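J.: Generate coordinates for the sequence data below:
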Amino acid sequence: MKQISEELFGKDAWLEFNLSQFSQNDLIGALHQVRDKVLEVGIPVVSWDEFDSKNYHWLQYLLAPMQDGRFQEGQLSHRLGSCVFIFAGGTAPTYDLFGPQSNSEDWNDFKLSKGPDFTSRLDGYLNVLGPNTRLLPDGGDDPLDTSAPIRRALLLRQFLCGSSEDRLGIDYGLLRMLLTVPRLTNGARSLQKLAQSLKPALSALPISVPHHSSRCLLILPAQCLRQLARRRFTARSSQGVVARKIFGFPRPSTSQAGQHDPFGPEHRPMGSFNPILARQSSWKLM
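T.: Numbering: from 1, shown residues only. Just a heads-up that it's a prediction; the model follows:
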């Protein structure tokens, strides 16, 4: 949104505030900054992040600026001028799920917080999809959302390469796992935390990943293993080192009867795990 704002309104037109950290006086001060920006650039673009925090407390104070272009400071009424407001919330995955249902017990509280009045003043909305598959109203994955791996790839490249146009040097098996594992519990934040661990070591191993007690890839280990099992790893390969570092499990011994080293020189697929590795499925993820 910031890039679009800079293209349409100029580089100095963007303002951003996080309402979850605000007090009443902070909101008045932010609106005065909006007034100043109107005089400076003409039409500023103002992003209100976490506008639905504190049980929709801020909605009632945003009605007058949205409807009349004015805000109240004590007994004084100030004019804002022309501006564009963008609201980014964190309590609902889509616009349709914003606020409680009209037949729920929380509807009256939402109504008293001016929730319906707030939504009636919006000119439009955009459901921003993250790295996970879009959810249906019943909580299941939407089978029509086939672009989730592409969104995840774009985010991953941004986290690992930034604005660089160089080719990303990353193991194919690891990349496949990151793109196809069903769900990241914390969405883009999980992917970003993992990328922060991978980024310093893309060209040098062993790779640095979080300890198992603070695993940032908030997914089932079995899902990771199934994805990585589609690649073959050797004892001295970078892939083998990466896999062991990712999951934190020990390299099993080939001397155990009937058990094979999935990282051994036989190039066995990672699907041939032994009971030692199977017990690792009880890892506690953060």
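J.: Would you tell me what helix or strand residue 72 is located in?
T.: Element membership for residue 72 (DSSP states H and E) is strand 70-73.
J.: now for that strand, which elements pack on it?
T.: In this structure, strand 70-73 makes packing contacts with helix 24-41, helix 59-67, strand 76-79, judged by 3 or more C-beta pairs under 8 Å, 6 or more residues apart in numbering; DSSP states H and E. For glycine as for every other residue, the C-beta is placed from the backbone atoms N, C-alpha and C.
J.: try it again with 6 Å
T.: Other elements packing on strand 70-73 under the criterion 3 or more C-beta pairs under 6 Å, 6 or more residues apart in numbering; DSSP states H and E are helix 59-67, strand 76-79.
J.: mind checking which of the ones you listed is nearest residue 154?
T.: Judged by C-beta to C-beta, the one of these that comes nearest to residue 154 is helix 59-67, at 31.7 Å.
J.: ok and the closest one relative to helix 24-41, angle-wise?
T.: 20 degrees (axes from the mean of the first three to the mean of the last three C-alpha atoms, to 10 degrees).
J.: other SSEs contacting helix 59-67?
T.: For helix 59-67, the elements it packs on are strand 70-73, helix 115-120, judged by 3+ C-beta pairs under 6 Å, 6+ apart.
J.: For burial, what's the neighbour tally of the residue nearest to residue 118 when sequence neighbours are not counted?
T.: Excluding its sequence neighbours, the residue lying closest to residue 118 (C-beta to C-beta, 6 or more residues apart in numbering) is residue 59, at 4.3 Å. The tally of other residues near residue 59 (other C-beta atoms under 10 Å) stands at 24.
J.: what sits against residue 59?
T.: Residue 59 makes contact with 113, 114, 115, 118, according to C-beta atoms under 6 Å, 6 or more residues apart in numbering.
J.: Out of those, which is nearest to residue 185?
T.: Once C-beta to C-beta is applied, the member of the contacts of residue 59 that ends up nearest residue 185 is residue 115, at 27.7 Å.
J.: So that closest one sits against residue 101, correct?
T.: No: Residue 115 is beyond contact range of residue 101, at 11.8 Å (criterion: C-beta atoms under 6 Å).
J.: For residue 171, what are phi and psi?
T.: phi -60, psi 140 (degrees, to the nearest 10).
J.: ok, for residue 178, nearest residue in space, not its chain neighbours?
T.: residue 156 (6.1 Å).
J.: separation between that neighbour and residue 12?
T.: According to C-beta to C-beta, to the nearest Å, residue 156 stands 31 Å off from residue 12.
J.: okay, the two: which has more neighbours?
T.: residue 156 (22 against 11).
J.: Work out for me the element that one sits within.
T.: Using DSSP H and E, residue 156 sits in helix 148-161.
J.: Skip ahead from that helix and say which helix or strand is next.
T.: Going down the chain from helix 148-161, the next helix or strand is helix 172-180, by DSSP H and E.
J.: Please export the C-alpha coordinates of that next one as CSV.
T.: Taking Å, rounded to 0.1, in the frame of the first residue of the first chain, the C-alpha atoms of helix 172-180 are listed here in CSV:
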residue,chain,number,x,y,z
TYR,A,172,15.6,-27.4,-3.8
GLY,A,173,14.3,-29.8,-1.1
LEU,A,174,14.2,-27.1,1.6
LEU,A,175,12.6,-24.7,-0.8
ARG,A,176,10.0,-27.2,-1.8
MET,A,177,9.2,-27.9,1.8
LEU,A,178,8.8,-24.2,2.6
LEU,A,179,6.5,-23.7,-0.4
THR,A,180,4.3,-26.8,-0.1
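J.: Which other helices and strands does the following helix or strand past that helix contact?
T.: As assigned by DSSP H and E, the chain's next helix or strand after helix 172-180 is helix 188-198. Under the contact criterion of 3+ C-beta pairs under 6 Å, 6+ apart, helix 188-198 touches helix 148-161.
J.: Cool, thanks, talk later.
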